[in-house]
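> turn this into a structure:
(chains A and B)
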There are 2 protein chains.
Amino acid sequence: MDNKALYNLSYGVFMLATKQGETVNGCITNTCMQVANSPTRVAISCINANYTCELLKQSGVFALTLLDETCDFETIRHFGMQSGRDVNKFTGEFDPAKLPSDLNQIPYLKEHACSVISCRVLESNDLGSHTLFIAEIVDAVLLNDRKPLTYADYQGRVKPRSDAAKNESSDRKIVAWKCRICGYVYEGSELPADYMCPVCGHPASDFEPVYG
Amino acid sequence: MDNKALYNLSYGVFMLATKQGETVNGCITNTCMQVANSPTRVAISCINANYTCELLKQSGVFALTLLDETCDFETIRHFGMQSGRDVNKFTGEFDPAKLPSDLNQIPYLKEHACSVISCRVLESNDLGSHTLFIAEIVDAVLLNDRKPLTYADYQGRVKPRSDAAKNESSDRKIVAWKCRICGYVYEGSELPADYMCPVCGHPASDFEPVYG
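Just a heads-up that it's a prediction; the model follows:
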């Protein structure tokens, strides 16, 4: 089985936000699709280790901001490459008082975003690493006429590249692997090919070796 | 709720094939995403009215051909805009003897295709108009390095356009709506905004009025 064959599946890039009590959190995801039209249903997949996923299981409601082609890496880094367990992502320019919010009082992004879809979870299915949520749409707003950011465009154009690994000597011993996106370190000489960063969700191909 | 907000979700375009006994059939879908990575799982959604969906519920196995950017409308029309209940789609150039097949003996496309993913269904969830299948991947092959065809690219570039409706007089009475993709006719003056063609799966925006 060639994992690269799966890279040809097409996705968008989204900021998934939820509010449980007074706690607001959000993360970056690339998995949402409409799965039925009568009645209208969407499915999203969320990493179980993510704080947003933990909150969503309790709140049962989310706002999915569909990022558009003008979105920069900083927005994705802010929501996607740090944990809401460590920092409050909704402060400063992302203070909920400064952002629009949907009918569930969940803030969403209006800059660099072409749509927002507000949903209520109907079913959840724990698949091990991720939970698949099936939801009904309670509101959907078109924000502008820009094109959505695709995951392929994010990988090829928006995400910064690192050539650090290329200069390392091949005869030194690899002791760990570091996620070049968020800095998470995997201890061990061999990174599994299907490994995914538990913090930012990037695949093994985004890790670079750490030499001992 | 603005249905146009949902059009900003990003999808690919796939030929979904299955084999039940000696019967082979396939259709065009745009909904597949990887929903977990440990273990690896994908989810696909399929219109219940489709013959492929009926067969898949029995066979439990499918081959998903990921169409690439070179794919023409004829291939999509052949698999997506006629029913396997009326015609055998796997004849002529698509005779299974002329096509490659996966480890479940399900034929897939090698022309205009960048990957093929072979799956076994683990769970199915009837959502009304569609069934959502969760599947394990039993094989995945990268066919070439061309870019996948996206649904947006299909809508904007590959699909033919019709300007027929523009020349109709606005004071004539609409008695039905015709799918400009496959010709299916919906009887009635008002087409619901969330209507989807039961034959080819295209949305209400692909229907043109029929005047009485």
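> so how far is the helix or strand bottoming out on mean pLDDT in chain A off the chain centroid?
Sorting the helices and strands of chain A by mean pLDDT, DSSP states H and E puts strand A:207-211 at the bottom, at a mean of 88. Strand A:207-211 has its C-alpha centroid displaced from the chain centroid by 23 Å (CA atoms, centre = their mean, to the nearest Å).
> tell me the domain ranges of chain A?
Domain assignment for chain A, taken from automatic domain parsing, gives A:3-156, A:162-211.
> for the record, mean pLDDT for the longest one?
The pLDDT scores in domain A:3-156 average 96.
> and A:P192, what pLDDT?
According to the prediction, A:P192 has pLDDT 87.
> could you measure from it over to A:L132?
22 Å (CB to CB, to the nearest Å). For the C-beta atoms, the positions are set from N, CA and C on the backbone; glycine is no exception.
> do A:V35 as well
Counting by CB to CB - A:V35 and A:L132 are separated by 10 Å.
> kindly report the same for A:D68.
Taken as CB to CB, the span from A:D68 to A:L132 is 25 Å.
> which residues in chain A form strands?
Assigned by DSSP state E, chain A shows strands spanning A:14-20, A:23-29, A:32-37, A:40-47, A:61-67, A:113-126, A:130-142, A:174-179, A:185-187, A:207-211.
> these two touch, right, A:V210 and A:K173?
No - using CB atoms under 8 Å, A:V210 is not in contact with A:K173; the gap is 10.1 Å.
> and A:P192 and A:L132? Which one has more around it.
Counted by other CB atoms under 10 Å in any protein chain shown, A:P192 and A:L132 do not tie: A:L132 has more neighbours, with 23 against 11.
> OK, contacts around the more buried one?
A:L132 sits next to A:43-45, A:124-125, B:35-36, B:43, B:134 when contact means CB atoms under 8 Å, 6 or more residues apart in numbering or on different chains.
> and those residues as TSV, adding distance to B:P203 and neighbour count?
Listed next are those as TSV, based on distance: CB to CB, whole Å; neighbours: other CB atoms under 10 Å in any protein chain shown:
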residue	distance to B:P203	neighbour count
A:A43	18	25
A:I44	21	27
A:S45	24	25
A:S124	27	16
A:N125	27	19
B:V35	24	26
B:A36	29	24
B:A43	21	25
B:I134	25	20
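> and these, which is closest to B:S59?
B:S59 lies nearest to B:I134 out of these, by CB to CB, at 15.6 Å.
> any shared contact partners between A:V35 and A:L132?
With contacts taken as CB under 8 Å, 6+ apart, A:V35 and A:L132 have A:43, B:43 as neighbours in common.
> partners of the least confident helix or strand of chain A, with directions?
strand A:174-179 (antiparallel) (DSSP bridges).
> I'd like the mean pLDDT over the strand it pairs with, please.
90.
> can you pull out the residues in contact with it?
Strand A:174-179 is contacted by residues A:184-191, A:197, A:199-200, A:202, A:204, A:206-212 when judged by CB under 8 Å, 6+ apart.
> mean neighbour count, the domains of chain A: which tops it?
Among those, ranked by average contacts under mean count of other CB atoms under 10 Å in any protein chain shown, first place goes to domain A:3-156 (a mean of 20).
> chain center to that domain, what's the gap?
For domain A:3-156, the distance to the chain centre is 7 Å (CA atoms, centre = their mean).
> start to end distance for that domain?
Start-to-end span of domain A:3-156 (CA to CA, to the nearest Å) is 18 Å.
> equivalent analysis for stretch A:18-27, please.
Counting by CA to CA, you get 9 Å between the two ends of stretch A:18-27.
> not counting that stretch itself, show me its contacts.
Residues outside stretch A:18-27 that contact it (CB under 8 Å, 6+ apart) are A:15-17, A:46-47, A:50-53, A:55-56, A:58-59, A:61-63, A:79-80, A:84, A:89-90, A:96, A:104-107.
> can I get the strands of chain A in JSON lines with distance to B:S118?
Shown next, in JSON lines, are these (distance: least, CB to CB, whole Å):
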{"stretch": "strand A:14-20", "distance to B:S118": "28"}
{"stretch": "strand A:23-29", "distance to B:S118": "26"}
{"stretch": "strand A:32-37", "distance to B:S118": "20"}
{"stretch": "strand A:40-47", "distance to B:S118": "21"}
{"stretch": "strand A:61-67", "distance to B:S118": "30"}
{"stretch": "strand A:113-126", "distance to B:S118": "22"}
{"stretch": "strand A:130-142", "distance to B:S118": "21"}
{"stretch": "strand A:174-179", "distance to B:S118": "30"}
{"stretch": "strand A:185-187", "distance to B:S118": "30"}
{"stretch": "strand A:207-211", "distance to B:S118": "28"}
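> closest to B:V116 out of these?
Among the strands of chain A, the nearest to B:V116 by CB to CB is strand A:32-37 (19.8 Å).
> give the pairing partners of that closest one; include direction for each.
The pairing partners recorded for strand A:32-37 under DSSP bridges are strand A:40-47 (antiparallel).
> may I have the strand it pairs with exported as PDB, CA atoms only?
The C-alpha coordinates for strand A:40-47 follow below in PDB (Å, rounded to 0.1, in the frame of the first residue of the first chain):
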ATOM      1  CA  THR A  40     -28.800  18.100   4.700                       C
ATOM      2  CA  ARG A  41     -25.900  16.500   6.700                       C
ATOM      3  CA  VAL A  42     -22.200  17.200   6.900                       C
ATOM      4  CA  ALA A  43     -19.500  15.000   8.400                       C
ATOM      5  CA  ILE A  44     -16.300  16.200  10.000                       C
ATOM      6  CA  SER A  45     -13.400  14.300  11.400                       C
ATOM      7  CA  CYS A  46     -11.400  15.600  14.400                       C
ATOM      8  CA  ILE A  47      -8.300  14.400  16.200                       C
END
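> list the residues that contact the residue nearest to A:L142 when sequence neighbours are not counted.
Of all residues not flanking A:L142 in the chain, B:A5 sits nearest, at 4.4 Å (CB to CB, 6 or more residues apart in numbering or on different chains). Neighbouring residues of B:A5 by CB under 8 Å, 6+ apart: A:66, A:115-117, A:140-143.
> switch the cut-off to 7 Å
Each residue near B:A5 by CB atoms under 7 Å, 6 or more residues apart in numbering or on different chains is listed here: A:115, A:117, A:140-142.
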